[in-house]
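S.K.: show me the folded form of this:
(chains A and B)
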Amino acid sequence: MSIKIRYFASLREQLGADELTIKADGVSTVFDAWQAANQAEPLPDHLLYAVNMEYAQPETAVKDGDEVAFFPPVTGG
Amino acid sequence: MTIRISEIPFDPWMEVSQQHSKRLQQKHDCGATSVFVGTMRDFNENSNVSSMFLEHYPGMTESQLEQIVNQAEQRWVILDTLIIHRVGDIYPADAIVLVAIWASHRGDAFDASRFIMEELKHNAPFWKKETLGKTENSRWVAGNTDGYTSIQTGKTSS
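M.R.: Numbering: from 1, shown residues only, chains lettered A, B, ... in the order given. Okay, the predicted model is just below:
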């Protein structure tokens, strides 16, 4: 029963981690996943979220086995 | 549709030429080819930039690019698309991105090309980190652009 958390770019550097695994108990949304992985810290402004590699919102549902990613605005091209 | 994420430098002109020749061996339905190549500048926002690191989200990047091409194919009549995007360490004059469109008519080729580039910049999970001048200072590029809709409504973005 676990959820994989991933961070990218400046957020990855700020948090000093690129991925970790959290227990899925009590985690039902992207927001819950952030709080479980970050000692109940509020969600930083202007982040983007993805669940299983599709864009999501803080209220998007997550479940056991999902991959939840947090990252800053994208700057490719 | 061909989508490739490249960790090594690529020659966009050779890639287009090869794809074009390959198509010509099979079909003669193409009347318009548009090619967009983004290359690395040695400056950005009043600073000299000596190199750049491009990070991405493997898996999501490819899936986003595929979705963007699918959207373009619903709006315009496209025969083939080739997208190549660099990741890793990049230096001035290196190609960063290639978007090439083969279509029967120029309107489709031009418009689909702009659409794909704007949507790529807005949605595809890539991040650039610039190394400034001859120093060890580096900074993450900020400032996402608004996507294709804002181009159509006249708002501009760089």
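S.K.: can you map out the strands along the chain?
M.R.: Using chain A here. A:2-7, A:19-23, A:48-51, A:54-56, A:67-71 (DSSP state E).
S.K.: the chain in question should be chain B.
M.R.: B:2-6, B:32-39, B:43-44, B:47-56, B:80-86, B:88-90, B:95-103, B:126-132, B:138-140.
S.K.: what helices and strands are in contact with the fourth one?
M.R.: Pointing back at strand B:47-56 there. The contact analysis (3 or more CB pairs under 8 Å, 6 or more residues apart in numbering or on different chains; DSSP states H and E) places strand B:47-56 against strand B:88-90, strand B:126-132. C-betas here are computed from N, CA, C, even on glycine.
S.K.: circling back to that earlier point, save the strands of chain A as TSV, and put in mean neighbour count and mean pLDDT too.
M.R.: Output for those, formatted as TSV (neighbours: other CB atoms under 10 Å in any protein chain shown; pLDDT from 0 to 100):
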stretch	mean neighbour count	mean pLDDT
strand A:2-7	19	98
strand A:19-23	13	97
strand A:48-51	21	98
strand A:54-56	16	98
strand A:67-71	22	98
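S.K.: so which of these gets nearest B:Q152?
M.R.: strand A:54-56 (21.4 Å; CB to CB).
S.K.: what's the closest non-adjacent residue to the residue most central in space within chain B?
M.R.: Relative to the mean C-alpha position of chain B, the nearest C-alpha, by CA atoms, centre = their mean, is the one of B:V97, at 3.8 Å. Leaving aside its chain neighbours, B:V97 sits nearest to B:G38 (4.2 Å; criterion: CB to CB, 6 or more residues apart in numbering or on different chains).
S.K.: identify the residues contacting that neighbour.
M.R.: Listed by CB atoms under 8 Å, 6 or more residues apart in numbering or on different chains, the contact set of B:G38 reads A:77, B:95-98, B:117.
S.K.: for those residues, which one is nearest B:Q74?
M.R.: Set against B:Q74, the nearest of the contacts of B:G38 by CB to CB is B:M117 (17.2 Å).
S.K.: doesn't B:D146 make contact with B:E119?
M.R.: No. When contacts are counted by CB atoms under 8 Å, B:E119 is not listed as touching B:D146 (10.4 Å).
S.K.: whichever residue of chain B sits closest to chain A - how many residues pack around it?
M.R.: Chain A sits closest to B:F126 of chain B, with a gap of 2.7 Å, by CB to the nearest CB. Using other CB atoms under 10 Å in any protein chain shown, the number of residues around B:F126 comes to 26.
S.K.: partner residues bridging it?
M.R.: In this structure, B:F126 bridges to B:H56 when assessed by DSSP bridges.
S.K.: any idea how far the closest residue to chain B within chain A lies from B:L132?
M.R.: Nearest residue of chain A to chain B: A:G76, at 2.7 Å (CB to the nearest CB). The gap separating A:G76 from B:L132 is 20 Å, by CB to CB, to the nearest Å.
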